[in-house]
Every structure is written in structure tokens, then in C-alpha cells.
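Trainee: what follows is a protein structure lacking sequence information:
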């Protein structure tokens, strides 16, 4: 998620007073007001609208929404002058194949504007640029550059320039190893034989995208009037939109946009601000939104969203990245109409409601056990190796058949194999609570069975203090209530946590459903439980099959 | 209550101690009433509740007999036994003395020490000699005198007694000093009145027992002792469903009442169902390990027709869409994840849906998992409530209608809808409910109409599908006034026992 900070004074001067009505308008425009004080207004911008990631971009669209300046805003594009050229060498094809470029002139920068541009650039990097992987943006002071410009890829050790925020000249590899920005984005170039660079007619390196600009030729300051802008990356469509977003924002600051001629195998002129033409159907719009708009109203609503509309023909602003389909325009119509103006309606269609059978059996299980004064507990599906194995008396070597998560941010890094260890954990965490403690849980457990994932529902019951007879009484009562019959038999293998001779397998229709027994004091000690504990755990899937 | 009623409410124990309330301390009341201390204390507490006495407690040091002390009080202190022996023999060698006195090693040594200190004996060449006369021996020592008066209060001791304590304290388990709460009893005016009024010692009935009920003559015409119905009783605990499950069941009921069928399914699923079938591009930030839990396993994809339809939706779009225009990778879709929303259930339901099933409405309530660190407002597991409506005639206003109905039933009075963004819906909407105490709009979650890039591959044709998937834990927290998300699954039994029932 990206947020933008607006200067409150500027907002109130150029857009309007931030009163309750305006706050509501901001919410209904789809840019939630996160916070504000006397100086700042912070808005959240959704990922589908990178064009709103600067004050200029936001103002342009929001003024249309407020019907102060509706319709598609037009920008003057100046044809490329002589030398306004970028030569794209074929060496970049396998490294970082595309770039689109522009020149913007006659800018009047001050500190605040420079910050706004840098922030917009960074926000575009993290959002539509996918952390510079898909697209990266460079902005350079034109007066330090001799045109034309070349975009090519060369060996890293042949790259030598002083990167931003540095005093020494570094090679391409040194930048990735030593420069803080270089280290952060090193993975984007790691392993490549050649690194991409922009250089000027004097063979000065301007930058090494998508990592960093040169301190000498790639740093904009308050004296800068004219800038060279490039976007490089892998997705030409995204790069073009990105460039459009930047140059139109610079133009809104007072700049004049000049096109550049890109010389690849063929010629190409960028930026291209021709609006995309598409159609919208009034019928589809009314049907999807449940409204009764006229064509004229539709036209007006689309203009509120910064589009131009003539009958069914829509011209989409060239900085919008999110219009893939007619429905995207229909959403714009809905926003322009006002989400707060829609009348919610429940249609009269007959459908039969139905609860999932397993869920209803689970609830009945809870009712049966709660009737025995037992407390239901609810635990995470994730657990730790320590709780699942170590404390249950299972040595490291025998930890198996469990499912591990990749790169969990906490030490809860595996899925629980059983409920038993979680009941022990809860008893352990409650040794200062009143006894007797009689608890149960129903829920999913996850096991690996010959590399296959087995996700199933279990039930576990624990008594503290409790002995075999008492927990067996509960087991027997439970099965009597659900009208199924089970048998107990001595287990074939010793259990890691039950006392030998005081544990049994629970058998239903010749199938082992689970185990019952008294917990060994050795395990109680691991959990610091000072009460005898007896428990059982059974699979529910077989029972579901029987009861459904 | 008038005096007569109060008198009728006196239990047998209370009646028993009533005449002795003027006594200085509880042990005297015990002695005179022939009741044990606990019964007396309890009866006093009841009398206090009835306004008959005032009780105040203060801490006092009490000196009591230890295990050995109790024994010595009967049999005499070891040094007494040694003295008696010496009184007869005058001189004895050590070994002989210990043997004849039948004292343990420890007792013998202690006795020697004590007698030597008092200059009653002398030790020479392993022999013990008596050093005093018969009268002196006959006198009780300070220690002996002291043992006899125990238990006693520390405050009232004489210097001699303090000396005795000092010497006995060094020996094993003869005396022990305890801190005890001592009650001071003050009879109130009401109490005096009641003590003075004649209490007929009639046999009123205490507990009704099966024995009494057996014979009519045992209860007919008898008085039942009046209870103080306002006095507190010890609290008890009941068994119950976990509060999160109680609230989920309520939500389940709302959806079924509105004609929705429940969907359930696995938590572990392929990226295909969690993301790809929902038109989430494969490079979407939500698909990174920082946000979603991945398992290092792959699973097979559903039938080719569906897979190809989803691929087309991503690569070039369907039904007039441009798609995301990138190369969709089947292998990425096979990767297994823990579902980060329950919308995978909706996708699977749609893929199975037949034309004759329409219109159809489904809901789900299930846990979803996200790779998050844990703090008061974040967790890696939470519940979501999910829903879809598949209807040729469904529209945006219906979507708002269903959601408004659900949240109204959930207890929120003021509800608004705001634009939002989700990769799978267009238009998208977020539900805000007004929190009357905090005076803010709470964002409860997202909804929308599935994009054609989702509905066409899954259903095989263009039908509007209203869809939502919203976090549920915040609603539970709000109802139970829980501030810290971790409390939901902490299972503090004391708190669970006290927690109110979900009463909606």
C-alpha cells in the first residue's frame, strides 16, 4: 500500500477547504483519508491508480471528480528537437530490454517540488515498478548532459562513475557490493554478464539502471530547469504508462514536454499521450450497477473521472493503467455516481440456505462436551517444533511427517500434526487457573502421508487432574451420544507420551481412530504441569462419513 | 428485616455462639460453644452480614507447639528426663546416660547443652555430674513452664518467656511462630437486642434431607430456618463453546437464513485456486513469501480446459479484456500455499456450478493465514467470512443490499460503502461501519463483482458474481471489548470461564 502526503495549505488553496464534506468526498473518490493535521494530509492510494501517487496527479483527477475541471486534460507535446535522441543498443536485449524517454523543460524547482518528484519516483518504483524489477525511473538535469544519449549494456568492470551519495568512483560490481542502494537492489543484476547503462555523447555515464544515477550527471537540484526522464524495464506497456504519469505531473508543475526519438531496430517517438479509445455500453452499465442512467448522464459521470465520452466512445487518459475492460470504466461510473448514493437492495430470489454438515456435527460435539462442563478452546493451526515434538518427548531425529512453511516470520513455522500437544500447551499455560481443568478442541490437523498432504479434522479432550477411567468415561459417553460404537485395544507400539499399560487405541469399524491414555510424568514435567493429565484424540473424518 | 425474622434466620451454629460473643478471642468461643474454629469463623461472618457483630481483623504473632513440642508437653522435655535420671544416679558416664535416658543423639546433646547452661550439671572426663540439689531439680524450668501455656500471643510475653522462646527456638520443632489474623468481635446494638431477647430453642429445619421428607411428622408444622438470601455464594463455572466459535455460529445462522449454502474446504491449496483463478497476476506482491505462507510442494492442477481458460485470461484477456499481458507459468500456479483468503472456496464452487443451479448463493467461514509477525493488531491467522451470489440479474445494488443486511444483523447500525481496489473485483467496494464509542468509521473488508476475467473461465460464461471476503475477528473483538488480537486464541482458562456468552 502506498500513501501520499499533501501540503494542507496548498490543498485548501488549490482544491478546497478540508471540512467534513470534503473529507467524505475524498473517501468517496477512493483515496481514504489516513490522517491529517495543520500541515499535512495523508491519503492512501490504491495500487490500481499509480497516477495518483503525486500531488499533481491527485489534484488533476480530484478536480475532475469535484466537477471543477471535468473531462480529459490535454497536454501539449513538443516534437523532438535535433539531438533529442536515445540510441538503444542491442546489447540490452537480454539484460533489461526496454526504455522510453522524454525531456521536460522550463521547470521551476524548489525544495518541496524536488521532494515531491523524488517521492513520486520512489512510490512508482515500489508499486507498478514492482520494486524496480519491472520498471525503474531516472530523472537527470539536462544541462549536465550532452545529447544524444545511448542505452547499452557493458561489462561491469568497464562501468566507472561516482554514484549518488558517494565521493569515489566505483565500478559496476563495487556499486552492488559497497553502495547502500546498490546492495539493496543488487539481486536485480546479480549473475548478469553485462550491466545496463545510460551514457551521453561525451561518454559520461548517467546511470546504471535500475540501481543508481551518477552524482555528476544524474542529480536534480533547485537550479535545474530542464530534465531528461527515462523509464527502463521489461514491460513496454508499463514503462509507457509510467513515463506518461511522470511527464504529465512535471507538466502540471509548469514544465513543457518534449518528445524524444528512440532508435532501436526501428524508430519510435516517446512519450505518446494519445488517449486510448474504447467503448462503453449504457445497457451493460445500468445492468451491472442497477441504475437507470441516460447516455447524457453516463457521459457526465465519465468526465468526472477524467475521461472524454462521446455517445458510446470513451477516450481514456493516457496515464491510467487500470482500464483493462469495460467493467473498469463501469466502476469509474459508480465512483462518479457516488457510492453513498446507491440504494442497497435485496432481490427477491428464492434460494435454500444450507449449513455444511460437518460444521453442524462439530457444533453438536461442542454441545455434548459442554454439557459435561468442559471448556472448548481454539488454537492456531501453526505451531512450533518445540511444542509439537520436543516437549512431547519426541527427539529431533524422529520429527517427521510434518509440513513446514517457507520463511515464516515467527517461530510458528510448521502446521500442527495433532491437537494433543496444543491441549498440553494450554494446560501448561494455565497452571495458576482453577482446577479441575477440562478442555477440548475440534479442528484441523495436517500430516504428510508418503509425501501427500493429509488435512483432516480431529477432536481432542484433556482432563487435569484426570486418570484413565475418567477420560474413558467421557469417551464412552461421547460415542453413546452420537450413537456409534467403539472398542479399545492395547496399542502395538509404545507411545511417546502416554504411560505404558495406561493407554489404548480407539477402534471404530476395525480402523484406528485415535488414542487415549494417561500422560507420562516425564512429559508433564516438560510442560511444568503439576497435575495428572489424561486425554484422548480422535479423527473425525470417519465419524462425519458415518453421520452424514 | 425485623428482629423476629433475623432470629428465625439464625443457623444452629450462629445460635450456638450467640451467648459467647463477649469472649475475648475465638479460641474461647470455640471452647465454650464446642465448635471448631472454621465453623466459628464462618458463623461470625454470617452474623456480621446480619448486622449482629462487627468484625475487625489484625495480624498477630502466635506462638504454637511444634511437632516435637506437642510430644514433649506430654512426655516432658528431654532435659527433664535426663535430670530425673541423674537425680537417681548423681554421676553417670555419657554413654550410659544416653542409653538409660533413651534419648536420641540430637535430644541428648540438646539436653546436655541446656542443663550445662543452667549450671545444673557439670561434665568431666566423659562423665556427667549433678551440680544441684533436689529442690532445684523439682522446680519447673522456664522452658517447661512456657510450653504449658502455648499457644499464646507474642505481644503479651514477659522477659522470662521471651528468654524461653529464644532457647527453644534453636531446638528442632518444639515451638513455631506464626502470623495469624486475629478477629476482634464487637457486638452491635442490634446484636445486643437479639442476645437479650429470648430465643426459643425450637427445632427449626436446616437442610431438607430425604430423611426428613420420608416422614411427614418430621416437617409438618415445623419452621424452616430463614436464609439470608442476599448473602454471596461461591461462583461456579460451566462448560461452553469457545467464544470465537459462538460468534461464527451466529454468522453462519445469518447467512443460512438469507438463503446461502455453506462452502468448506482445505486450508492448504494451490496458488492456482488462491490466486490464478482469481486473476491475481503471478508477480503480484501478495504472492510473495513475505505475505503468503508457501509450502515447498506442488500439486496437480485441475482439468486442462479450465487451466487454459485461466491462462488466456491472464495472458491476453477474455470477454473483451486486455488481460495482464505476460507469460503465465503453470509451475507457479502449482505451488502450494496456505490460503490467504477463503476466496479459493468461491473459485472452486464456481468451477463446479452448473447452469441449472442458478441463481445460487454461497457463504464460507474459515481461517486464513498470512505471513505476519504478531502484535496486538496483527496475527498470522484470522477468520474470514466469504460469500458469492451467482445470478444473471445480480447488480451492484444487490451486493450492497446483502452486505448491509449482514452487518445490520451483526449489530452495526450505521454502515457506508466506499470505493476500494482488489485485483479480482470490479467494481470493488469496502464496507465501513460507524463505531459509536470510538466515533470512527471502521473498515471491515472488501467486496465487489468478480471481474469477467474470473467469471468467464470459471463459469464458462459471463454472469455477474457478487463476491465478498471479510475479516471476522475485528467484529468479535469489538463485541467482547478485546483490545489485543492475541487474546482471541490465547485460551486463558480463567478468562474463558468468565467470558459472557455471544448473545446476539
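Mentor: Everything's here; your move. Model, not experiment: these values are computed from the prediction.

Trainee: the stretch 51-200 of chain B: helices as residue ranges?
Mentor: For the stretch 51-200 of chain B, the helices defined by DSSP state H, counting those that start in this stretch cover B:67-75, B:78-89, B:94-101, B:105-117, B:134-138, B:142-149, B:159-169, B:189-196.

Trainee: with the stretch 351-500 of chain B instead?
Mentor: B:396-409, B:452-459, B:473-480, B:493-498.

Trainee: please identify the most buried of those helices.
Mentor: helix B:452-459 (a mean of 25; mean count of other C-beta atoms under 10 Å in any protein chain shown). For glycine as for every other residue, the C-beta is placed from the backbone atoms N, C-alpha and C.

Trainee: how far is that one from where the chain is centred?
Mentor: Averaging C-alpha positions (C-alpha atoms, centre = their mean, to the nearest Å) puts helix B:452-459 50 Å from its chain's average.

Trainee: likewise stretch B:162-173?
Mentor: The answer for stretch B:162-173 is 44 Å, by C-alpha atoms, centre = their mean.

Trainee: for stretch B:460-467, same thing?
Mentor: That offset, for stretch B:460-467, works out to 49 Å (C-alpha atoms, centre = their mean).

Trainee: mind listing what's buried in it?
Mentor: By 16 or more other C-beta atoms under 10 Å in any protein chain shown, the buried positions in stretch B:460-467 come out as B:460, B:463-467.

Trainee: among these, which two are most distant?
Mentor: The span of those, defined through C-beta to C-beta, is set by B:460 and B:466 at 18.4 Å.

Trainee: interface residues of the stretch 401-548 of chain A facing chain B?
Mentor: Applying C-beta under 8 Å from any C-beta of the partner chain, we find that the stretch 401-548 of chain A lies next to chain B at A:403-410, A:412, A:415, A:426, A:429-430, A:433-434, A:437-439, A:444, A:446, A:451, A:453, A:455.

Trainee: any idea which of the helices of the stretch 51-200 of chain B is most buried?
Mentor: helix B:78-89 (a mean of 19).

Trainee: in terms of secondary structure, what does that helix contact?
Mentor: For helix B:78-89, the elements it packs on are helix B:94-101, helix B:105-117, strand B:127-130, helix B:134-138, judged by 3 or more C-beta pairs under 8 Å, 6 or more residues apart in numbering or on different chains; DSSP states H and E.

Trainee: just checking, which of the residues of the stretch 401-548 of chain A next to chain B belong to helices?
Mentor: A:426, A:429 (DSSP state H).

Trainee: number of nearby residues for the nearest residue to residue A:171 once chain neighbours are set aside?
Mentor: Nearest residue to residue A:171 in three dimensions, chain neighbours excluded: residue A:157, at 5.3 Å (C-beta to C-beta, 6 or more residues apart in numbering or on different chains). When counting by other C-beta atoms under 10 Å in any protein chain shown, one arrives at 11 neighbours for residue A:157.

Trainee: give the full set of residues in contact with residue A:157.
Mentor: By C-beta atoms under 8 Å, 6 or more residues apart in numbering or on different chains, the residues touching residue A:157 are A:171-173.

Trainee: measure the closest residue to residue B:451 other than its chain neighbours to residue B:118 for me?
Mentor: Spatially, and ignoring its direct neighbours in sequence, residue B:451 is nearest to residue B:426 (5.0 Å; C-beta to C-beta, 6+ apart). For residue B:426, the distance to residue B:118 equals 103 Å [C-beta to C-beta, to the nearest Å].

Trainee: and for residue A:277?
Mentor: For residue A:277, the distance to residue B:118 - C-beta to C-beta - is 120 Å.

Trainee: these two: who's more crowded?
Mentor: residue B:118 (17 against 10).

Trainee: the closest residue to the more buried one other than its chain neighbours: neighbour count?
Mentor: Spatial nearest neighbour of residue B:118, chain neighbours left out: residue B:141 (7.1 Å); criterion: C-beta to C-beta, 6+ apart. Residue B:141 sits with 19 neighbouring residues when counted by other C-beta under 10 Å.

Trainee: who's the closest residue to residue B:472 other than its chain neighbours bridged to?
Mentor: With sequence-adjacent residues excluded and distances taken as C-beta to C-beta, 6+ apart, residue B:472 is closest to residue B:383, at 4.1 Å. Counting by DSSP bridges, residue B:383 forms beta bridges with residue B:367.

Trainee: and residue B:383, what is it in contact with?
Mentor: B:244, B:248, B:365-368, B:471-473, B:476.

Trainee: with residue A:421 instead?
Mentor: Neighbours of residue A:421 in contact, by C-beta under 8 Å, 6+ apart: A:383, A:387-388, A:391-392.

Trainee: what about those residues, which one has the most neighbours?
Mentor: Busiest of the contacts of residue A:421 [other C-beta under 10 Å] is residue A:383, holding 24 neighbours.

Trainee: following the helix or strand where residue A:507 lies, which helix or strand shows up next?
Mentor: Assessed by DSSP states H and E, residue A:507 sits inside strand A:498-508. The helix or strand immediately downstream of strand A:498-508 is strand A:511-519, counting by DSSP H and E.
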